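Visitor: Predicted structure and sequence below. I'll ask about it afterward.
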Amino acid sequence: MADCPTLHTERLLLRPFEDSDLDAYAPIVMSEEVRRSLHLPDDFSRSDAWLGMAQWRGQWALRGTGQWALVEIESGLLVGRAGLHRPEVPDWPGIEIGWVLDPRWWGRGFATEAGARSIEYAFDQVGADQVCSVILPENVRSAAVATRLGFTLTESRVLPHFPEAPHDIWRLTREQWDRHPPASASPPPAAEEEDHGDHDRTLY
């Protein structure tokens, strides 16, 4: 299986995580806003962040899916992660499109921009016929991003790895994507863009 590729959008570089990213990545996933959104424990640590980076690289190597480190091209700063997720979790609904953004960069449309490029990769390179997004109902900002990308809410159910609450399952087919390109990735109102990601604690 090929290693993680490097992709570009208008404003973002999507590249493999590197060990040197830890100094920038750890504060993102350790921030109060992201920990709350991902339901991470208060003692989530730098070591946990490093393990998450390593697991994303490992998923690329083993399954040809995973998430990229997101770098804002103009500044060269790491602003989060986004991409594909296919964990070994019972009853998982498919290849998930997810993203996590540094709270300091919320409201600029980066989740939509990175999400759109991830969807293109899933359909064009992975050969998926359908992708999903797994979002807790409380995360209305993430739902807004999914809606902009063309996803449709199809069901709500409790997943075995997170029995505390049901997740909303949003789906998007290749046919839907081809028929209706996503809305512009221009920055939305700040209240509509968050750090949506895999709120499942399967990877950090």
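Guide: In hand now; what should we look at? Just so we're clear, the structure is a prediction, and the values are computed from it rather than from any experiment.
Visitor: Only C-alpha atoms from now on, for both contacts and neighbour counts.
Guide: Will do.
Visitor: Report the contact partners of the residue nearest to Ala122 when sequence neighbours are not counted.
Guide: The shortest distance from Ala122 to any residue that is not its chain neighbour, by Cα to Cα, 6 or more residues apart in numbering, is 5.7 Å, and that residue is Ala128. Residues counted as contacts of Ala128 (Cα atoms under 8 Å, 6 or more residues apart in numbering) are 95, 122, 174.
Visitor: what about Ala128, which SS state?
Guide: Secondary structure of Ala128, reduced to three states by DSSP: H, G, I helix; E, B strand; the rest coil: coil.
Visitor: phi, psi of Val69?
Guide: One correction, residue 69 is Ala, not Val. Its backbone dihedrals place Ala69 at phi -70, psi 130, with angles given as degrees, to the nearest 10.
Visitor: typo on my end, it should be Glu96
Guide: Main-chain dihedrals, Glu96, degrees, to the nearest 10: phi -90, psi 140.
Visitor: ok, now the one 10 residues further on?
Guide: Backbone torsions of Trp106, given as degrees, to the nearest 10, read phi -70, psi 150.
Visitor: so what pLDDT did it get?
Guide: Here, the pLDDT recorded for Trp106 equals 94.
Visitor: Any regions of this protein where pLDDT drops low?
Guide: Counting by pLDDT under 70, the chain has low-confidence residues at 1-2, 182-204.
Visitor: which residues sit against the lengthiest helix in it?
Guide: For the chain, the longest helix by residue count, based on DSSP state H, is helix 46-63. Outside helix 46-63, the residues that touch it by Cα under 8 Å, 6+ apart are 1-4, 16-19, 22, 25-27, 29-30, 65-68, 86, 203-204.
Visitor: Quick check on the residues you listed: which are buried?
Guide: Under a neighbour-count criterion of 16 or more other Cα atoms under 10 Å, the subset of the contacts of helix 46-63 counted as buried comprises 3-4, 16-17, 22, 25-26, 29-30, 65-68, 86, 203-204.
Visitor: ok so, going back, filter the contacts of Ala128 down to just the ones in strands.
Guide: Within these, membership in strands is found for no residue, as judged by DSSP state E.
Visitor: With neighbour count and distance to Glu164 as new columns, can these be given to me in JSON lines?
Guide: JSON lines is the format used below for the contacts of Ala128 (neighbours: other Cα atoms under 10 Å; distance: Cα to Cα, whole Å):
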{"residue": "Ile95", "neighbour count": "24", "distance to Glu164": "22"}
{"residue": "Ala122", "neighbour count": "23", "distance to Glu164": "30"}
{"residue": "Arg174", "neighbour count": "17", "distance to Glu164": "32"}
